[in-house]
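In: A predicted structure for the sequence below; I have some questions about it.
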Amino acid sequence: MEFHRGWFLFYRELQFRARLTFFGYGWNIVNSLASAIPLIFVGKQFNFGSPDSHLPYEVHALCGVLFWGVFWDAVITPMDVAFKTRQLLKRVPIGNMTMIFATCWAILINFVVKLTLIAIVMIAFGVWFRPSFLLSLLFLPMLMMLGLGLGLPFMSVGTIYQDVRYGVGFLGQALMWSAPILYQTPSDGLLHTINQYNPLTYLINTPRNWAAAVAVQHAPEVLASVVFALIAFALGFVFYRSSRKAALDYVV
Amino acid sequence: MSSKPTTVLSFRNVTKKYCSNIDLGRRRHFLSMLFPFVDATRLGKSDFLALQDVSFSITSGERVAVLGSPQSGKSTIARLAAQLSAPSRGRVKVFKSVRIVQPGKLALERPLMTVEMYCQTAASLLGAPWGQVKSVSEEILSECNLEPLRKVRIRDLPLGKLNQPTHYACLRVPADIFIFDQAQLRVFPDLEQTIFDNKTVIFMVAGREQIPSFCTRTLLLRGGKILFDGPTVEAKSVFASLPTEETTFSPSGTTGSNGNDLQLEEERKRKGSGILRYVSAEILNGPPKTGEPLRLRFVYKRRISGSAKYITNATVIIEDKLGARVAGAPARILKEVLGEVHEDGTLYFEMDRLPLLPGQYYLTYDIHVDGLLSDKVVGKFKLDVQRGDFYKTGELPSKGMGPFCVGFHWDHNPPTTEDPQI
């Protein structure tokens, strides 16, 4: 039941947003990748890719953006959902899971839109679909959980103060460049170390490699990243659960 | 064969603290989120206890009234039971699904949403099972006579048109415990009766005459504490024997001599800058009657000194029992400068003919100083309109008449009916 309540909560906002605009749902498609295109253009120009890569740079970067998008949507969408439903939350008891499912619906719709565009780009660059790419879908829940580990506490705090909502953009930039989304991990230096200890590196690289039918690399690190994502989600959920109801007293 | 009653709701030593200054409250709550070891019940500046060490439990099928004067903690109990808030101390256990029925909308609408989508969303978010969302939504549309409006966008609906479907959805979507918090009864009598017969029901009432006859148990609340928990008959007599409560929330703390005084809500909970606050409101010419003159008096006091100069407008809106606006002061009044700000003053609201059907209505009124909202009292003023002689025709007006012309007079002296300024 929580699942379909989450759908209605999400659909209400999607429909409203679409009706406020001339191009309607078209913005979902444009927004999904428009911001990535200049970055990819610059990355290509400065040779961010690696000659060892199994994928053309454009596909490599777009796949990175696709999986990064899942993580980042999980960080910011809960705040967005809570902000837009704050008056409703004061009057209707809506379960914790409903809010999480509303977030998941938003992430999944974005993911499907991006995936469709990436499929077109892949075909254009002669990268054909490989069955191993389906395995990469297994990493979606992990990326979502890692994102929700941050997003759920942000949602509770953001119910009271909007600082997090405005400040989260800086965090996004820092996190995005801390993982090899638009570039290949360098062989040494500070960025190498940061990439090495960042769970996002493994949660994004592994499914991306599967798109090119490359076997899992750094298996222990991938496993550790999965465990990290689970722990982050559990901690975030506990914080969110304990603080959400009390936060509603001060919603303005 | 009836099943053994089980506990469906229990409060154990529940204390709830609020901060009347919302900015301070938010700041404190934010800090308590970051430092959860801080004592949540410690009273700071502007804090007050809405509930103090409240314990009770309710079993399945019980029909309970919670009786208490305004600001005694009834709505806080309702919100805690519905899981819309968390206790500062103690434990609230809810074993079944809870529905809180309150007047007004659910705040789930979006201006460009269609009525049909609104009904579906309301049904879904209130908890209708997945397969029943459409059928419940169709039922709401047909029972509230909204079939022809199903594709109309909410933005294009008359004000208050959503209150009825919202109320119906609250009653229709299944739940195990229904809490009626200031909700009107007998709007959908059949549906209500089904709930009263089969579900656990809790009524929040402010007067003993409002307790439904089938409530066998009553909790008597006063100042956030339970004074009595037992049979309704005894609770009523205990309530009657209580001295008049010195309400700490009433701005004036006074009651009128003619019985037509209106209860205002706590000043600090009201909207507006608070430069001027209404301290009392009163019907001057006895019970209001259909088609006959109505004269109201609103007294304000200055609460914040400063450079505020003019009362730029004051409005009065009449709402029906579901919170729908049925009439209000005409827009041209809003453009009048009503006078200079004094330490205290009186506004007289005068209407030559009251074009309302007999029934219960509520007033919302506000006052603006130098163009900014200073005070707003929402729905606290009950207007019991009785049958009168409408334009001396013996007829009743049709419901939902448009804006009407009122005489509006601002003075320190009472107005005369012959001399309305506007």
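Out: That came through fine.
In: state the number of residues packed around residue 31.
Out: Using chain A. Residues near A:Asn31, counting by other Cβ atoms under 10 Å in any protein chain shown, number 12. Bear in mind the C-beta positions are built from the backbone N, C-alpha and C, glycine included.
In: sorry, should have said chain B
Out: 11.
In: name the helix or strand for it, please.
Out: helix B:22-34 (DSSP states H and E).
In: buried residues in that helix?
Out: For helix B:22-34, the buried set under the neighbour-count rule, 16 or more other Cβ atoms under 10 Å in any protein chain shown, comprises B:22, B:25-26, B:28-30, B:32-33.
In: show me the contacts for the closest residue to chain B within the stretch 101-250 of chain A.
Out: Using Cβ to the nearest Cβ, A:Lys245 is the residue of the stretch 101-250 of chain A that sits closest to chain B, at 3.9 Å. Residues near A:Lys245 by Cβ atoms under 8 Å, 6 or more residues apart in numbering or on different chains: B:83-86.
In: which residues in the chain form helices?
Out: Let's take chain A. Under the criterion DSSP state H, helices of chain A are mapped to A:2-19, A:26-34, A:36-45, A:57-84, A:86-91, A:96-124, A:139-160, A:163-178, A:190-197, A:199-211, A:219-248.
In: that's the other chain; I wanted chain B
Out: If you assign secondary structure with DSSP H, the helices in chain B sit at B:22-34, B:74-81, B:115-126, B:133-143, B:163-172, B:189-198, B:232-241, B:331-334.
In: of those, which is nearest B:Pro358?
Out: helix B:189-198 (18.7 Å; Cβ to Cβ).
In: what comes into contact with that closest one?
Out: B:61, B:63, B:168, B:171-172, B:178, B:185-186, B:201, B:212, B:214.
In: report the buried residues of that helix.
Out: B:191-192, B:195-196.
In: one step back: ok, and the most crowded of the contacts of A:Lys245?
Out: B:Ser85 (22 neighbours).
In: state the number of residues packed around B:Ile58.
Out: B:Ile58: 21 surrounding residues under other Cβ under 10 Å.
In: ok, B:Val14 - contacts?
Out: Each residue near B:Val14 by Cβ under 8 Å, 6+ apart is listed here: B:51, B:53-55, B:80, B:87, B:89-92.
In: residues in contact with the nearest residue to it once chain neighbours are set aside?
Out: The shortest distance from B:Val14 to any non-neighbouring residue, by Cβ to Cβ, 6 or more residues apart in numbering or on different chains, is to B:Gly90 (3.6 Å). By Cβ under 8 Å, 6+ apart, B:Gly90 lies in contact with B:11-15, B:53-55.
In: next one: B:Pro212
Out: By Cβ under 8 Å, 6+ apart, the contact list for B:Pro212 reads B:63, B:65, B:185, B:196, B:203.
In: can you turn the buried part of the residues you listed into a PyMOL selection?
Out: Applying 16+ other Cβ under 10 Å to the contacts of B:Pro212, the buried members can be selected in PyMOL as follows:
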select buried, chain B and resi 63+65+196+203
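In: now render the contacts of B:Pro212 as TSV, adding pLDDT and distance to A:Phe125.
Out: As requested, the contacts of B:Pro212 are arranged in TSV below (pLDDT from 0 to 100; distance: Cβ to Cβ, whole Å):
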residue	pLDDT	distance to A:Phe125
B:Arg63	91	70
B:Ala65	92	72
B:Leu185	77	68
B:Phe196	89	68
B:Phe203	91	68
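In: what is the neighbour count of the nearest residue to B:Arg110 once chain neighbours are set aside?
Out: Setting aside the residues directly before and after it, B:Arg110 is nearest to A:Phe16 in space (Cβ to Cβ, 6+ apart), at 4.1 Å. When neighbours are counted by other Cβ under 10 Å, A:Phe16 registers 16.
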